[in-house]
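[1] Can you look at this prediction? I've put the sequence above it.
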Amino acid sequence: MKKMFLSVAAALSVAVLVAYTNRTASVLSGFETGTPEVKSMNALAFGPEGVLFIGDSKSASVFAVDTKDAENVTSAKPVEIKNIDQKIASLLGTEAKNIIIQDLAVNPISKKVYCAVQAANGTPILFKIDGENIQPVSLKDVKFALVSLNNAPAEDAKDQRGRSLRVWAISDLNYADGKVMVSGLSNQEFGSTFRSIPFPFTNKQEQSSLEIYHAAHGQYETNSPIKTFTTAELNGKKFLVASYTCTPLVLFPIDDLKPGTHVKGRTVAEFGAGNSPLDIITMKKGNDLFLIMANSDRPVMKVKYKDIETYEGSLTEPIKENYSTAGVPYVSFPMVNVLQLDKLDDTQFVFLQRRANGDLDIRTSNNRSL
Amino acid sequence: MSKRVRISWPCQLILFSLFLLVSCAGSQEESQKNIVIRWRNNQAKGLSMALDQFEAHSKEMLPELLKVQLSNSKTAILGDYSIQSDSLIFEPLIPFTPGLRYEVLLENRLMGEIGIPQAVPSNTLIGIYPSQDTLPENLLKFYFVFSRPMREGRSLAYISLLDAQGDTLPGTFLNLQPELWNAEKTVLTLWLDPGRIKRDLQPNKSQGAPLTKGNHYTLVVSERWPDELGAGLTQSYTKRFVAGAHDMTSPDIKYWTIETPPKGTTQALEIHVKEALDYVLLQNTIRIIDARGKPVNGVIQVNNMEERVLFVPAEPWMTGAYKVLVESRLEDLAGNNLNRLFDRDITDTRTKPSQQTVFELNCQID
């Protein structure tokens, strides 16, 4: 009996310890309460426990904000809002031409759509879309953490002479496997920088400079800026899947992205000149994973990750015909002028689309299109 | 009798119009008296309403009962209400827009209407860099420097590059979002499409390079480009230039010369960089240290068409050895930096990039 009592007590102790460890292991434990000084919202992404990451180029920081929006919803209702820009502009007391929708991100827990808007005077405003309801998300007195993207202190010291600091414009931001990944470009020198920041934030920042070979002859090297990226597991290995301003699709093994390194990627597709990628997401249907990419001058494209897995080579031959494509096969959706994408739930994605009549709508696509 | 008092219908119409005019002017005056725009940094940041006009209502209930909306909309504008001494203040999330009219409603009854005056253009384009009128045909970027903060996001609608015939050249610039503004929103960095400049890239193959050696171009900046207050520029601007030779050489500091000032003065140390280099990077990549490695405080100025850098020290120069340190990220006009070419042929071992991050030049002040 005594033995049994001891066993039960031990089991209880372990359970309490596990519960306590789990509680203290919350990513929110290091957050402070206050009003983060967010100066711009260039990119949004969700992390665990309803944490929203806000990429702020103007203050060269990434903010992690506790949205307290962590009620689990498995399947979301489709979001369909016509003239979203006009509706947001009316709420702000202005006209649609005076605002810019910077990014959309879906909270993977609550399935609510978050939307970053910039007013004409540069003021950033965050909105949450719940069905037809568009409501502002106040950043007053919230739990938050932040990490600075500025370089080493020695470099910042140059500002003592009144020179303006380099702005690091954030082109995309994603969260995966305990890391916030940020791609960006400088307003001064030409190049591409990619940062991987462990979350919860510490002082440690891993920075890599990513280089690609063009699909032409394999002869010229470039470190062009990444426009948009996502992460994926291919053949059991984690990869960064990035698209550049001139649309090649490039793979970088995440294990190779070490601090201060120059990493050369493998170009697996060219999706045609005269076009710029705008957003990439990953969707699943059955056992197949798909990459969905929105473009400035081409329709939304779908690529099977299986095709990327089996594409062993790197594009090194020049593309013979103007505007033609090469590398892994893709399918074009009958969806044009899509500006933003995000996964709504396992079977649907939301997108921001400029319609032929000029309207800007938020719409939802179901997995029939996959 | 009745004939004497009857007023003819045209007179009735005139009188009625006069009555309307007087009553409209009255209500306008009334609304302006009751509702006052609160200005901060030339922006209409809020409305102030005297509390005595709400005597019939409790102060606490006012935020529930009041509604501010655009005159052509029924949507309540998002914002905060507060009470400051004898006024109720409404501050919208973003400033009211110049040129638009707004209504204030109390329990859905119109209390007054107010118009925000149009902003008057006061912003000027101080400079377009590079300043030279012959630029390499593989030019990578322009900088536009303004006197006041500008509006971000739609710059390409107001900048065009024209050929010698005055026709607009499409697809010259890279449409980046977010645009590359400095933190103050006074300097825009605009890249000519790098995909068209880089050899053998698809855009280069299909559309060719944006500039061709020997051709004349005009860069036009429209006066309609709004600043952050919504006002245009005071005028339009043009920059004429001709495309020169392709620049396929990294800047090399061994060709630079330094003119040192006399000791005990705060005269400028002059660095002649021998070719036009990047205007913004010149200001940000050069610093000077003394013989003990201590940074010398001072101000960098770039002039002589971006071929000369002046360093003016905060304190008089002391006798001794100094070093000019230059970060390798300094670029020429074609984006070639101190240790690699913008468009490098990896089969050419002579152009292998160096890993050096800082280059240095020695000088002596006597």
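    Alright, I've got the coordinates.
[2] Who's the closest spatial neighbour of residue A:120, skipping the chain neighbours?
    Excluding its sequence neighbours, the residue lying closest to residue A:120 (CB to CB, 6 or more residues apart in numbering or on different chains) is residue A:98, at 4.4 Å. Yep, even glycine has a C-beta here, placed from its N, CA and C like the rest.
[3] which residues does that neighbour contact?
    Going by CB atoms under 8 Å, 6 or more residues apart in numbering or on different chains, residue A:98 touches A:89, A:119-120, B:97, B:230.
[4] Let me know the helix or strand that residue 190 is in.
    You didn't say which chain, so I picked chain A. Using DSSP states H and E, residue A:190 is not contained in any helix or strand.
[5] other chain: chain B
    strand B:187-191.
[6] does chain A sit close to that strand?
    Yes. Shown here: strand B:187-191 in contact with chain A (CB under 8 Å from any CB of the partner chain) through B:187, B:189, B:191.
[7] Check stretch B:84-100 too.
    Yes. Counting by CB under 8 Å from any CB, chain A is contacted by stretch B:84-100 at B:92-97, B:100.
[8] ok, so of the residues you listed, who is nearest residue A:262?
    Using CB to CB, residue B:94 is the member of the residues of stretch B:84-100 next to chain A that lies nearest residue A:262, at 42.1 Å.
[9] For that closest one, which non-adjacent residue is closest in space?
    residue A:119 (4.0 Å).
[10] from memory the one you found sits against residue B:92, does it?
    No. Residue A:119 is beyond contact range of residue B:92, at 10.0 Å (criterion: CB atoms under 8 Å).
[11] Residues that sit against both of the two, list them.
    Shared contacts of residue A:119 and residue B:92 (CB under 8 Å, 6+ apart): residue A:92.
[12] Which of the helices or strands spans residue B:97?
    Residue B:97 is part of no helix or strand when elements are defined by DSSP H and E.
[13] actually residue A:126, not the one I typed
    Element membership for residue A:126 (DSSP H and E) is strand A:124-130.
[14] List the buried residues of that strand.
    Burial within strand A:124-130, assessed by neighbour count using 16 or more other CB atoms under 10 Å in any protein chain shown, is assigned to A:124-129.
[15] Repeat that for stretch A:189-201.
    Residues of stretch A:189-201 classed as buried: A:189-197, A:199-201 (neighbour count, 16+ other CB under 10 Å).
[16] Which parts of the chain are helices?
    Looking at chain A here, since you left the chain open. For chain A, the helices defined by DSSP state H cover A:2-24, A:84-92, A:153-156, A:305-310.
[17] let's do chain B instead
    B:2-5, B:9-34, B:62-65, B:194-197, B:202-207, B:279-285.
[18] Return the distance of the fourth one from the chain's centre.
    Centroid displacement of helix B:194-197 relative to its chain, using CA atoms, centre = their mean, to the nearest Å, is 24 Å.
[19] and that helix, what does it pack onto?
    Contact here means 3 or more CB pairs under 8 Å, 6 or more residues apart in numbering or on different chains; DSSP states H and E; on that basis helix B:194-197 packs against helix B:202-207.
[20] now the helix it packs on: mean pLDDT?
    Mean pLDDT, computed over helix B:202-207, is 71.
[21] Quick one: mean pLDDT for the strand holding residue A:126?
    For strand A:124-130, the mean per-residue pLDDT is 96.
[22] Could you export that strand as PDB, keeping only the C-alpha atoms?
    The C-alpha coordinates for strand A:124-130 follow below in PDB (Å, rounded to 0.1, in the frame of the first residue of the first chain):
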ATOM      1  CA  PRO A 124       0.500  51.700 -39.600                       C
ATOM      2  CA  ILE A 125      -2.900  50.200 -38.500                       C
ATOM      3  CA  LEU A 126      -3.600  46.500 -37.800                       C
ATOM      4  CA  PHE A 127      -7.100  45.100 -38.600                       C
ATOM      5  CA  LYS A 128      -8.700  41.700 -37.800                       C
ATOM      6  CA  ILE A 129     -11.200  40.300 -40.200                       C
ATOM      7  CA  ASP A 130     -13.800  38.000 -38.700                       C
END
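[23] Helix A:84-92 and that strand, what's the angle between them?
    On the basis of axes from the mean of the first three to the mean of the last three CA atoms, to 10 degrees, strand A:124-130 is oriented at 110 degrees to helix A:84-92.
[24] Now do strand A:124-130: everything it contacts.
    A:38-41, A:54, A:56, A:69, A:79, A:81, A:88, A:92, A:102, A:112-119, A:134-137, A:139, A:362, B:93-94.
[25] Much appreciated, bye for now.
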